[in-house]
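*Asks:* Model the following, please.
(one chain, ligands or ions: 2)
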Amino acid sequence: MPVFDQALGRLGNDIAIDLGTSNTQVLVHGRGLAVEEPSVVAVQRGNGGTQVLAVGTEAKRMVGRTPENIQAVRPIREGVIADFELAEVLLRSCVERALAGRPLVRPRMIVSVPVGTTEVERRAIMESARAAGGREVRLVGKSIAAALGADLPIHDPVASMIVDLGGGCTEIGILSMGGTVVATSVRAAGDHLDRALVALVQQRQNILLGERTAEEIKLRIGRATPDEAAPAQARVKGRDLSTGIPRDAVVSSEDTVTAYRPILEQIVEGIRKALSRTPPELAADILQRGMVLCGGTSLLPGLDDYLRQASGLPVVIAEDPRRCTVIGTGELFDDPQTLERAAPQG
Ligand SMILES: Nc1ncnc2c1ncn2[C@@H]1O[C@H](COP(=O)(O)OP(=O)(O)OP(=O)(O)O)[C@@H](O)[C@H]1O
Ligand SMILES: [Mg+2]
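*Replies:* Numbers count the residues shown, from 1 in each chain. Ligands and ions are numbered 1, 2, ... in the order given. Reported below is the predicted structural model:
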């Protein structure tokens with residue numbers, strides 16, 4: 001970054017953005033996390049075009065509860081932008097809230113994006129960020145950002161492994177000497193756990209649950225491994241598929257373990273694949289040092305135990321796992337050398 005821009009950076013408000021499938025976070029450099037909102041936009045579609053009704057928490061409350069002409073849309077699916085127009089609305093709204101009005105100098109922006117985003121998707125994110133007020137926009141890979149935010153020694157000549165388990169995808173990164181050695185993502189994360197639970201309850205009880213209800217069950221009693229000492233149950237409302245009438249479903253934490261297992265197996269498979277693509281010396285480092293977990297889904301009880309057993313590697317959960325990515329993205333403003341090398345991998 002030119003010296004002049006660095007001086008402007010100190011004057012203006014540099015911001016780091018994690019546009020996630022479930023949550024969008026905006027951090028103002030030097031001030032900390034400013035906005036954290038569900039990645040949901042509620043719109044009314046009619047003859048006059050699309051009208052935005054709500055963004056973030058308010059819009060998430062409407063998911064599954066809207067009449068026909070109103071939709072609560074999640075513009076990011078499986079980690080990638082599915083609705084460019086509404087992703088821009090989301091981004092712009094979060095940036096405006098973070099800056100609380102027009103700043104004197106247009107901010108520099110760093111946005112973290114998942115591995116495998118296409119050229120077209122990247123250009124769309126850059127354009128959205130500029131439309132939201134960005135002066136100079138940089139995109140960086142999520143893994144390197146998350147690893148920095150998790151305080152992994154990515155600059156050392158030793159391999160570190162970060163596994164970011166989000167809502168739409170799990171991204172696995174192996175880093176060494178300030179760069180990404182391997183980055184890969186698996187479409188198996190929090191949303192998939194919720195959908196698997198919906199399918200299990202439908203199959204066993206013939207009751208259809210909403211995805212939000214399935215997420216609530218996960219947050220209350222969901223587990224990756226059985227806990228014989230404290231079995232738990234949740235009573236929720238669903239729709240009886242033979243009568244069409246609302247009916248109570250009782251879901252146990254055992255049910256969640258069963259439903260989630262195939263999804264967790266896909267994550268383990270992804271970890272294996274990433275390791276198989278890692279040069280032997282670096283793979284040996286990982287065998288010894290293990291992996292660090294982050295992202296909202298890393299908080300699922302028993303997940304760390306499950307991954308430890310399934311992979312045979314040491315596993316720890318990062319401090320503040322839900323914010324690693326945005327924190328690390330912000331740190332890149334102070335680390336131009338790493339920023340140069342942090343461009344997302346195709
Ligand atoms: N305590 C918890 N236990 C289990 N799952 C949780 C917990 N807290 C949050 N989650 C889940 O974490 C997911 C959201 O995580 P996160 O905010 O890291 O995702 P994201 O960054 O928006 O998504 P992605 O990185 O896939 O684009 C949701 O599926 C949510 O249900
Ligand atoms: Mg994420």
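*Asks:* ok, now which ones touch the residue nearest to residue 21 when sequence neighbours are not counted?
*Replies:* Of all residues not flanking residue 21 in the chain, residue 168 sits nearest, at 3.1 Å (C-beta to C-beta, 6 or more residues apart in numbering). (C-beta placed from N, C-alpha, C; glycine too.) With contact set as C-beta atoms under 8 Å, 6 or more residues apart in numbering, residue 168 has these partners: 20-22, 76-80, 187, 189-191.
*Asks:* What about those residues, which are in strands?
*Replies:* 76-77, 80 (DSSP state E).
*Asks:* would a markdown table of the residues you listed with neighbour count and distance to residue 328 be doable?
*Replies:* Output for the ones in strands among the contacts of residue 168, formatted as a markdown table (neighbours: other C-beta atoms under 10 Å; distance: C-beta to C-beta, whole Å):
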| residue | neighbour count | distance to residue 328 |
| --- | --- | --- |
| 76 | 25 | 19 |
| 77 | 17 | 23 |
| 80 | 20 | 20 |
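*Asks:* Adjacent strands (with direction) for the helix or strand containing residue 17?
*Replies:* Following DSSP states H and E, one finds residue 17 within strand 15-19. Next to strand 15-19 in the sheet, as set by DSSP bridges, lie strand 23-28 (antiparallel), strand 108-113 (parallel).
*Asks:* quick check: mean pLDDT across the last one?
*Replies:* If you average the pLDDT over strand 108-113, you get 95.
*Asks:* contact partners of the next helix-or-strand element following that strand?
*Replies:* Downstream of strand 108-113, the first helix or strand assigned by DSSP H and E is helix 119-131. Residues from elsewhere that reach helix 119-131 (C-beta under 8 Å, 6+ apart): 17, 19, 80-81, 84, 87-88, 91-92, 109, 111, 113, 117, 137, 139, 344, 346.
*Asks:* Give the PyMOL command for selecting the buried subset of those residues.
*Replies:* Burial among these is assessed by 16 or more other C-beta atoms under 10 Å; the matching PyMOL selection reads:
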select buried, resi 17+19+80+81+87+88+91+92+109+111+113+117+137+139+344
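*Asks:* number of nearby residues for the residue in the stretch 101-250 of the chain that ligand 2 sits nearest to?
*Replies:* Here the residue of the stretch 101-250 of the chain nearest ligand 2 is residue 166; by C-beta to the ion that distance is 3.5 Å. Residue 166 is flanked by 29 other residues according to other C-beta atoms under 10 Å.
*Asks:* Please list all residues in contact with it.
*Replies:* 20-22, 79, 189-190, 295-297.
*Asks:* Also residue 56?
*Replies:* Per C-beta under 8 Å, 6+ apart, neighbours of residue 56: 24, 37-38, 40, 90, 93-94.
*Asks:* Can you tell me which of the residues you listed is closest to ligand 1?
*Replies:* residue 24 (7.3 Å; C-beta to the nearest ligand atom).
*Asks:* Kindly state the beta-bridge partners for the closest one.
*Replies:* Under the criterion used (DSSP bridges), residue 24 bridges to residue 19, residue 37.
*Asks:* What is the burial count for residue 154?
*Replies:* Residue 154: 24 neighbours (other C-beta under 10 Å).
*Asks:* Tell me the residues of the stretch 101-250 of the chain that contact ligand 1?
*Replies:* Contacts of the stretch 101-250 of the chain with ligand 1, taken as C-beta under 6 Å from any ligand atom, map to 166-169, 189-191, 215, 218-219, 222.
*Asks:* Could you identify the most distant pair in those residues?
*Replies:* Of all pairs drawn from these, the greatest distance, 19.4 Å, lies between 169 and 219 (C-beta to C-beta).
*Asks:* Out of the strands paired with strand 15-19, flag the one nearest residue 327.
*Replies:* Among the strands paired with strand 15-19, the nearest to residue 327 by C-beta to C-beta is strand 23-28 (6.8 Å).
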